[in-house]
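[1] Could you look at this predicted model? Sequence included:
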Amino acid sequence: MFYNSTRNSNVKVNSAEAITQGISVDGGLFVPESIPQLTLDEIKAIADMTYADRAAYIFAKYLTDFTEAEIHHCTDNAYSTKNFENDSIAEIAHLFDGTYMLELWHGPTCAFKDMALQILPYFLTTSAKKIKLDKKIVILVATSGDTGKAALEGFKDVEGTSILVFYPEDGVSPMQKRQMKTQEGSNVGVCAIKGNFDDCQNGVKAIFTNDEVKKVLDDNGMIFSSANSINWGRLVPQVVYYISAYAELVKDNEIKLGEKINIVVPTGNFGNILAAYYAKHMGIPVNKLICASNINNVLTDFINTGVYDRNRNFYTTVSPSMDILISSNLERLLYLMTDRNDSLIRDWFGKLASEGKYEVSDDVKAKLKDEFSAGFCDDDQTKSTIHSIFDKYSYTCDTHTAVAVKVYKDYKETTGDNTKTVIASTASPYKFSVAVLEALEGKNSDIDEYDKVSRIAELSNIPVPAALADLKNKPERFNDVIDKANQKDYVLKTLGI
Ligand SMILES: *Cc1c(COP(=O)(O)O)cnc(C)c1O
């Protein structure tokens, strides 16, 4: 299997190269040259494997330059009870008839990002060894909150790497901020940016593709890579849990082998839902992929009209990991939907950079309508959804997952579609305890963050994850706040070059 760039189909690298480079030199994203197929028999067989073995089975189709032993080295280290709360890794909770919550937050940082970021460091160090890369790998991360912490936990003290995370100063939850400021490890750095997530992400992308900076790094025996979902090594682990969930539902007799399901994903950078798209095109039977947004609803408009327009207000919401106006992974979807037309992609994403807007062709609009449905909701609706789900089903969900539940409810009401449905549950409710408690109690209380956590524990009966309970007593290590214009200098200074 080789990988092409979305902005130059002639680029052809193997997976080890795609993973170490992170992003192609032309600014495009790496995409496998074909989508490997899974038969229904294979899906059935997967159901009898452990999560780590399911993952290894699927990775073998994508990472064909890895040996079986190398793949197992990665999966066995990442997907064990050493890192996850239980050995199902991705747990399925039954919410109500025919609706399943795929809980992806039982890892060390309590958000779905762990599913990929626990394995990415193994992919990356294995890839570097394979291509005989004799350099220190510098991971730069732009985060809207969850990626940063998950990447820090994944990479902390991993030999031959160092990691630097940028987050928007006022764009993350208090718990997320504390998680990052207190990060341990000798190879880690964290810095706040005066700006929003898109500023952080644009800054990181610009540093990645800056030849001058790359040369300075090279002269000092270093090379950049990315832990954001622009890295293929982030995306492919996310394909696994959709296939795994389907197999699990078949095994539990909840669905019949071959029966179609809907998948609902609370979406920001379009990585998680793109993984669901890959799972579908590999062979799991899917009716609709439902893209749920908060009031930063650029994707809802795009899927419904084919016009992507980021020229709009940016809102900070109670679901901060979805406060994004530029969804990077959409580029991969459009590359596939245009039958890998790199010149169209260059044209559209050039327009996005210069005018903040592009419109896709009619055939792509038709494909979007066929495969996706999209909706959004505001903060009040998010909170009232948390409240009503708790009332009705004694189930406590976080703000991001609540957006998905609400959008799904609307979808079901308007379409009457009764297809069984998997909702990606992307974070522990404790991670967004301020908004979650306000939703549960129907009022804001002025007790401190940690008392809120205890209060949610009393109400929900979900044990507080150890990683969050410990935070209270940890010292803050990282308090830098910089202007977005200084991001490049900050990186060089931190690396001591
Ligand atoms: C990152 C994140 C999302 C958005 O996922 P994308 O892959 O960026 O679309 C949703 N919910 C939570 C809790 C997240 O951390």
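    Perfect, I can see it now.
[2] Point out the residues in this structure that sit beside the ligand.
    111, 113, 146, 229, 266-272, 321-322, 400, 426-427 (C-beta under 6 Å from any ligand atom). Every residue, glycine included, has its C-beta placed from N, CA and C.
[3] Most neighbours among these, which one is it?
    With neighbours taken as other C-beta atoms under 10 Å, the top of the residues of the chain next to the ligand is residue 267, carrying 34 neighbours.
[4] how close does it get to residue 144?
    For residue 267, the distance to residue 144 (C-beta to C-beta, to the nearest Å) stands at 12 Å.
[5] list the residues that contact both of the two?
    When contacts are counted by C-beta atoms under 8 Å, 6 or more residues apart in numbering, residue 267 and residue 144 are jointly contacted by residue 322.
[6] just to revisit the earlier point, and the residues of the chain next to the ligand, which of them are in helices?
    113, 146, 271, 272, 400 (DSSP state H).
[7] residues touching the second one, list them.
    What it means is residue 146. For residue 146, the contact set (C-beta under 8 Å, 6+ apart) comprises 109, 111, 112, 113, 176, 321, 426, 427, 431.
[8] Just send those back as JSON lines, with pLDDT too.
    Output for the contacts of residue 146, formatted as JSON lines (pLDDT from 0 to 100):
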{"residue": "109", "pLDDT": "92"}
{"residue": "111", "pLDDT": "94"}
{"residue": "112", "pLDDT": "96"}
{"residue": "113", "pLDDT": "96"}
{"residue": "176", "pLDDT": "91"}
{"residue": "321", "pLDDT": "91"}
{"residue": "426", "pLDDT": "98"}
{"residue": "427", "pLDDT": "96"}
{"residue": "431", "pLDDT": "90"}
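[9] Now do the buried residues in the longest helix belonging to the chain.
    The single longest helix within the chain, with elements called by DSSP H, is helix 232-251. Buried residues in helix 232-251, counting neighbours by 16 or more other C-beta atoms under 10 Å, are found at 232-250.
[10] Check stretch 429-449 too.
    Buried residues in stretch 429-449 (16+ other C-beta under 10 Å): 429-440, 449.
[11] Can you tell me, leaving aside adjacent residues, what's nearest to the closest residue to the ligand within the stretch 51-200 of the chain?
    Nearest residue of the stretch 51-200 of the chain to the ligand: residue 146, at 3.1 Å (C-beta to the nearest ligand atom). Take residue 146 and drop its neighbours on the chain: the residue closest to it by C-beta to C-beta, 6 or more residues apart in numbering is residue 111, 3.8 Å away.
[12] For the one you found, which residues count as its bridge partners?
    Per DSSP bridges, the residues bridged to residue 111 are residue 427.
[13] Could you double-check that it lies in contact with residue 427?
    Yes. Using C-beta atoms under 8 Å, residue 111 makes contact with residue 427 at a distance of 4.4 Å.
[14] Mind listing the shared neighbours of the two?
    Listed contacts common to residue 111 and residue 427 are 105, 146, 321; contacts here mean C-beta under 8 Å, 6+ apart.
[15] I'd like these as TSV, with distance to residue 260 appended.
    Formatted as TSV, those follow (distance: C-beta to C-beta, whole Å):
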residue	distance to residue 260
105	26
146	30
321	28
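[16] Average pLDDT for stretch 70-82, rounded please.
    The pLDDT scores in stretch 70-82 average 96.
[17] again, but for stretch 210-223
    Mean pLDDT, computed over stretch 210-223, is 95.
[18] Give the buried residues for that stretch.
    Buried residues in stretch 210-223 (16+ other C-beta under 10 Å): 213, 214, 217, 222, 223.
[19] Can you flag which of these belong to helices?
    Per DSSP H, helices hold the following members of these: 213, 214, 217.
[20] So the first one is in contact with residue 204, correct?
    So the one you mean is residue 213. No. The pair residue 213 and residue 204 fails to qualify as a contact (C-beta under 8 Å) at a distance of 11.4 Å.
[21] helices and strands of the chain: which one bottoms out on pLDDT?
    helix 466-469 (a mean of 86; mean pLDDT, DSSP states H and E).
[22] Please name every helix or strand in contact with that helix.
    Helix 466-469 sits against no helix or strand, with contacts defined as 3 or more C-beta pairs under 8 Å, 6 or more residues apart in numbering; DSSP states H and E.
[23] Strands along the stretch 351-497 of the chain, start to end?
    Secondary structure of the stretch 351-497 of the chain (DSSP state E, counting those that start in this stretch): strands located at 357-359, 372-376, 421-425, 481-483.
[24] Same list (those strands) but as CSV, adding mean neighbour count.
    Shown next, in CSV, are the strands of the stretch 351-497 of the chain (neighbours: other C-beta atoms under 10 Å):
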stretch, mean neighbour count
strand 357-359, 16
strand 372-376, 22
strand 421-425, 25
strand 481-483, 12
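[25] any chance of those strands in TSV, with distance to residue 25 too?
    Listed next are the strands of the stretch 351-497 of the chain as TSV, based on distance: least, C-beta to C-beta, whole Å:
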stretch	distance to residue 25
strand 357-359	22
strand 372-376	31
strand 421-425	33
strand 481-483	27
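[26] and residue 128, which of the ones you listed is closest to it?
    Ranking the strands of the stretch 351-497 of the chain by proximity to residue 128 (C-beta to C-beta) places strand 481-483 first, at 29.3 Å.
[27] what comes into contact with the closest one?
    With contacts defined as C-beta under 8 Å, 6+ apart, strand 481-483 is touched by 169, 191, 192, 193, 194, 490.
[28] in the helix or strand the second one falls within, what's buried?
    When secondary structure is defined using DSSP states H and E, the element that contains residue 191 is strand 188-194. Buried positions in strand 188-194, judged by neighbour count with 16+ other C-beta under 10 Å: 188, 189, 190, 191, 192, 193.
[29] circling back: farthest-separated two in the contacts of strand 481-483?
    169 and 490 (13.7 Å).
[30] Residue 419: how many residues sit nearby?
    Residue 419, neighbours per other C-beta under 10 Å, totals 15.
[31] cool, residue 311 as well?
    With other C-beta under 10 Å as criterion, residue 311 counts 9.
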